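[1] sequence-free structure coming up:
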Ligand SMILES: Nc1ncnc2c1ncn2[C@@H]1O[C@H](COP(=O)(O)OP(=O)(O)OP(=O)(O)O)[C@@H](O)[C@H]1O
Ligand SMILES: [Mg+2]
């Protein structure tokens, strides 16, 4: 039977090549996603490995609140420790040298006079210890004094600077002229991070003014075991009476850092896994469709086998063997194609300045998962049609000359309806009861509706396709009618073919509604709450402190309000882990309320804000059970400090959970952690907007990273961020749509093979080649439109509920971009035409006589 | 009732233009399949005339080239040498596009089986050539044909809901609906029982007698051939015999005599080069 199965593959090569293509595509997406994930992971662990090479780390034993910035150091942020400890540790036996880790924010001006920034990766400055032999000075020398810097190799390249150039940096809030004196290599791609090396004294002054550092890195003499070194260092610290410090081995530290990075990448990973899941789902659709069709077409062959004595089990097995072969080969090809995709992605991200690790990883997990997925999905997809083929009585199958016997859709109708209705119920529940279960309910409901509609699709197809085809039936006679007959003769197949596209289009529809809503919502937020004349923002994320005084000194400026943020730590009485107690707070000068920023209390009053009362976002208050009048207690360096809640607010103007007046903020947040988010500016009454802008721009220019925005521009900038995210989303969705197109091509090509005789007959009766191509194109367009309309309906419907559920995070308005959706229909028609191209040409080329006599 | 033997290459006839009563003819028609070692000479220089308003039957042993002749005459296949003229048009010289147009309205073709598009109803199948050509359907003519094949109450059924005989009658109706110059039918009754075959043949003959159509039909059945005005016999790609006003008995006589002649060759049928 195995021989018969393998012969079958050879005999029906074209059909199998198409199945193979389906498997290859599905697996390519999965393998691509998985290895992209591995590649990002390995890039970051490469960074960890090359930037954390010490044998022992000494750090604070007390966790501290942190702004959770992907900044200088990975790992949870702890209380700083004295840099002096390094001196003690240098004397320990077996220690080659101990270096205090000193690093922090910096802005580097590139050769083109603008700041070197990468939107995806951090910028930081660090001390270049003359002793540190993990760093390799590849050109020039170490910086000496405040006027010199060295740059990491990739940073040097992206900045356009060369060793010997003069430029400037913004360090500790001040602009400083520096010259580039060296190039330093870390030995691994740094994923786009901008790294500036400073002289030890300069970085100490900027980043450790109080002599405190995050850690001291201890390097052992060669041959000294980490574990032994840890014990010696620990003993030395104990002898020196150092309190609040702990020692960890380098290995443990690197593991911790890698885990933390993986946590930070968690969102990206989840996002990509969702796409892998979708791609798999889409791929499975194509695979199962292909097998269902090829089994259907070979029904007679199986009947013949049965008639000459093969048992149903043997027929079943022979189909499954074929599926397994196709699955395995297809998966192997798919893995190769997936790696190709990844290298394309890598080239694309390199364009935006993010270098990922050099080798494309082919880790065993990716290979095994991809092979398993491809093979199992193929087998599973073939199992149902195989069962049918095995159980159909031979006589019936022989009689059934290729014509599809339509199976009842009743079970599908029932299951699909139940799922859809359950999903809808979930959506309604989510919509009517926003927080806190809203998002989960919405997700479940959406999944229910999507799967339900997929199951129902053949039923929907049966009724809606005739209606959709009516246009073509009337417009292009008689091709429209012939095409309609072909798409509705097997609604199950048409629906399955369209299924892959439906999923892609549902996502596109949802994404475009979300994007439009987000844009409108941010617009509304800016209109309502952002009443300053101008704002100043920093591309580096933090506004240098020095600029504030410069702006206040301008005649054309009336007031400059600082919007500052920093991490705070709730007192242990609040319960929960350190991470749960860590919270971001925003500070406003009380005068800014109603002057440059406007929001109202939904409970209590903002009248006491100036007197030190807090404003808390409603969602946070609900979460933590706070009400107006409660005292919130924070742990600070100087003991505990508390402040009463004066108002519960519900505003998206400020995203932070707690808003407090400046003086309370300064008591609660450690001064080293305070950062200026933006400056809000009102113009002097006498000045025209153009004058103010000119003055502001002039004053901000030396700081390089600053931009001056009026209200319009501010809203535009927010919208631009939305667009950027959307761009990435669309790129990924485009991939699933390309796969869906290939799925349509596949189905059409198979159905052309299936209909060879019919096509020959029509040609014999006088159907022209172009007419034949026309029929196939119309079929393709109908299929694509069906998938698109259904997908859009589902996607847009679900996304329309999101503003109701996610008001809390600033999605306040619902906007449906009808124009954009309509143009997607145009895209769908185009997709249809594209997908029909090859099958139509193939069909038109069929020689009439051979086609008529094909079996 | 006359029977005379024809010699294959008829130099005198191949140059003469046929009389006006001839609607389709071939001169020196050669069709070979394959090349070199595997070359098969399916038609070996055929001269044949088909008269307007006649039902012509073509008979001959399996592999004698009957289907090849029909395909070449109908422009469904290219000819290797010689000319084929149908309705004053040189089929051998026509482009694909012209052939397609010719097939729509000037030619009808009936295959042995699988003649209908499964997604279309009987009525839609019948009018398909006109629909493809975007020509209006002559309702009266349509009704007459449908009545003649006795399909009035089956018009809205799909092929899968029709019997084999009904399907072939639908195919006949389709071949005739555009009033083609010639209808070619390759073993139209091959899959039918004798009753259905009789119905179909009576209808074909009727279309010739009553509607003035020209029909050329391949058959293996002497009873079917007896419905024709004239029977041509093929062997090894050549015309060997001709019968006018045949009866079942006369056809069987010729078949029997041919059987004797071609028996030895019959055995080497596949090996013929
Ligand atoms: N496409 C082809 N390729 C190669 N040889 C062919 C092809 N079609 C027909 N032949 C050969 O040409 C010869 C004539 O075939 P044809 O089909 O015309 O015979 P026929 O008289 O119709 O036979 P039957 O009564 O069995 O239908 C045969 O020897 C056949 O093998
Ligand atoms: Mg034949």
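    Cool, got the structure. Bear in mind the structure is a predicted one, so any value in this text is a computation, not a measurement. Ligands and ions are numbered 1, 2, ... in the order given.

[2] Tell me where the stretch 51-200 of chain B has strands.
    B:55-59, B:81-86, B:89-90, B:107-110, B:182-186 (DSSP state E, counting those that start in this stretch).

[3] touching chain A at all, the shortest one?
    Looking back up the chat, that one is strand B:89-90. No: judged by Cβ under 8 Å from any Cβ of the partner chain, strand B:89-90 and chain A are separated, with a smallest distance of 14.4 Å. Just so you know, the C-beta spots here come from the backbone N, C-alpha and C atoms, and that holds for glycine as well.

[4] Strand partners (parallel or antiparallel) of that strand?
    When pairing is defined by DSSP bridges, strand B:89-90 lines up against strand B:81-86 (antiparallel).

[5] Rounded mean pLDDT for the strand it pairs with, please.
    In this model, strand B:81-86 carries a mean pLDDT of 91.

[6] do the same with stretch A:533-542
    80.

[7] again, but for stretch A:749-767
    pLDDT averaged over stretch A:749-767 gives 84.

[8] ok, which residues in chain B are in contact with ligand 1?
    Within reach of ligand 1 by Cβ under 6 Å from any ligand atom, chain B has these residues: B:33-34, B:40, B:42, B:60, B:62-68.

[9] I'd like the residues you listed as JSON lines, with neighbour count and pLDDT appended.
    Below are the residues of chain B next to ligand 1 laid out as JSON lines (neighbours: other Cβ atoms under 10 Å in any protein chain shown; pLDDT from 0 to 100):
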{"residue": "B:33", "neighbour count": "12", "pLDDT": "89"}
{"residue": "B:34", "neighbour count": "11", "pLDDT": "84"}
{"residue": "B:40", "neighbour count": "15", "pLDDT": "89"}
{"residue": "B:42", "neighbour count": "23", "pLDDT": "91"}
{"residue": "B:60", "neighbour count": "24", "pLDDT": "91"}
{"residue": "B:62", "neighbour count": "9", "pLDDT": "90"}
{"residue": "B:63", "neighbour count": "19", "pLDDT": "89"}
{"residue": "B:64", "neighbour count": "25", "pLDDT": "91"}
{"residue": "B:65", "neighbour count": "26", "pLDDT": "91"}
{"residue": "B:66", "neighbour count": "25", "pLDDT": "92"}
{"residue": "B:67", "neighbour count": "21", "pLDDT": "90"}
{"residue": "B:68", "neighbour count": "24", "pLDDT": "91"}
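
[10] Which of those residues fall in helices?
    If you go by DSSP state H, the residues of chain B next to ligand 1 have B:66-68 in helices.

[11] got a markdown table for the strands of the stretch 51-200 of chain B, with distance to residue B:20 and mean neighbour count too?
    Shown next, in a markdown table, are these (distance: least, Cβ to Cβ, whole Å; neighbours: other Cβ atoms under 10 Å in any protein chain shown):
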| stretch | distance to residue B:20 | mean neighbour count |
| --- | --- | --- |
| strand B:55-59 | 17 | 26 |
| strand B:81-86 | 13 | 19 |
| strand B:89-90 | 15 | 14 |
| strand B:107-110 | 20 | 27 |
| strand B:182-186 | 15 | 25 |
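
[12] I'd like those written out as a markdown table, with distance to residue A:537 added.
    Converted to a markdown table, the strands of the stretch 51-200 of chain B look like this (distance: least, Cβ to Cβ, whole Å):
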| stretch | distance to residue A:537 |
| --- | --- |
| strand B:55-59 | 90 |
| strand B:81-86 | 82 |
| strand B:89-90 | 80 |
| strand B:107-110 | 77 |
| strand B:182-186 | 82 |
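
[13] Of those strands, give the one that comes closest to residue A:742.
    Taking Cβ to Cβ, strand B:107-110 is the member of these nearest to residue A:742, at 36.8 Å.

[14] closest to residue B:47 out of the strands of the stretch 51-200 of chain B?
    Using Cβ to Cβ as the measure, strand B:81-86 is the one of the strands of the stretch 51-200 of chain B that comes nearest residue B:47, at 8.5 Å.
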